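Q: A predicted structure for the sequence below; I have some questions about it.
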Amino acid sequence: MTPGPITPPLPLRTERLLLRTVVAEDRAAIGAYCADPEVTRYLPFPALDDQALTQRVDRLVAATAPAAVGEFLALAVEHEGVLVGDLMLRFSAAHGPDEAPSIAELGWVFGPGYAGRGFATEAARALVDLAFSTYPLHRLMAQLDPRNTRSAALCERLGMTHEAHTREDYPDREGGWSDTAVYGLLRREWESGRAG
């Protein structure tokens, strides 16, 4: 039977970062990087205008305790009190209609001014640990445009395996089609990595 919402143990501190729920006051910071066409180039949404930003922030603020397939957890990532990016953990599948989600998808977006400092890796590792230690997940996955080489490299740093490259399966914003790369990490691989 599907359990009720599980509120994860937040805020979460890493060596340099604070991961916490998104609040309405994060709107300006999220807008600063999500309005940048280069940041959203390979994301499933275009650069955000004011209305789209309001909708996105409202969704992120509400995403605090997912319980069912399609629901997600959104986390703001702070460095020294400054929001540098956000993370997402979306429940994507369960083994049956009345069972707890067993597969979740990871996602991330970071401000370009904070690239190259390891913040995305540090935050995403903390999200992986949080996901497997809080929820009864069997598998984590990430889906991305293969041209997004930084995200692909991040998946590999997380210990994820490149499992698939599907061709022209996602409509792009120019009226054409994009490919999708799929990365995965199993619970047993995460547990083995923690033991090693």
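A: Thanks, I have it. Everything numeric in this text was worked out from a predicted model, so none of it was measured.

Q: quick one: contacts for residue 34?
A: Residue 34 makes contact with 40, 45, 47, 48, 53, 56, 109, according to CB atoms under 8 Å, 6 or more residues apart in numbering. The C-beta positions use only the backbone N, C-alpha and C, and glycine is treated the same way.

Q: so for the longest helix seen in the chain, mean pLDDT?
A: In the chain, with assignment by DSSP state H, the single longest helix is helix 119-134. Throughout helix 119-134, pLDDT has a mean value of 97.

Q: now do stretch 54-73
A: pLDDT averaged over stretch 54-73 gives 95.

Q: name the residues that touch it?
A: Residues contacting stretch 54-73 (CB under 8 Å, 6+ apart): 2-8, 21-24, 26-27, 30-31, 34, 45, 48, 74, 76, 86, 88-94, 101.

Q: 7 Å instead, please
A: Here stretch 54-73 makes contact (CB atoms under 7 Å, 6 or more residues apart in numbering) with 2-8, 21-24, 26-27, 30, 34, 48, 74, 86, 88-94, 101.

Q: hmm, which two among the contacts of residue 34 are most spread apart?
A: Pairwise distances among the contacts of residue 34 were taken by CB to CB; the largest, 12.7 Å, belongs to 53 and 109.

Q: that older thread, tell me the one of the contacts of residue 34 nearest residue 166?
A: residue 45 (19.9 Å).

Q: can I take it that the closest one is in a helix?
A: No: counting by DSSP: H, G, I helix; E, B strand; the rest coil, residue 45 is located in no helix; its state is coil.

Q: and for residue 16, the neighbour number?
A: Each residue near residue 16 was counted by other CB atoms under 10 Å, and the total is 14.

Q: residues contacting it?
A: Here residue 16 is in contact with 79, 122 (criterion: CB under 7 Å, 6+ apart).

Q: if we go to 8 Å?
A: Residue 16 sits in contact with 79, 119, 122, where contact means CB under 8 Å, 6+ apart.

Q: and it, backbone torsions?
A: Main-chain torsions, residue 16, degrees, to the nearest 10: phi -120, psi -10.

Q: likewise for residue 89?
A: Residue torsions, per degrees, to the nearest 10, at residue 89 are phi -130, psi 110.
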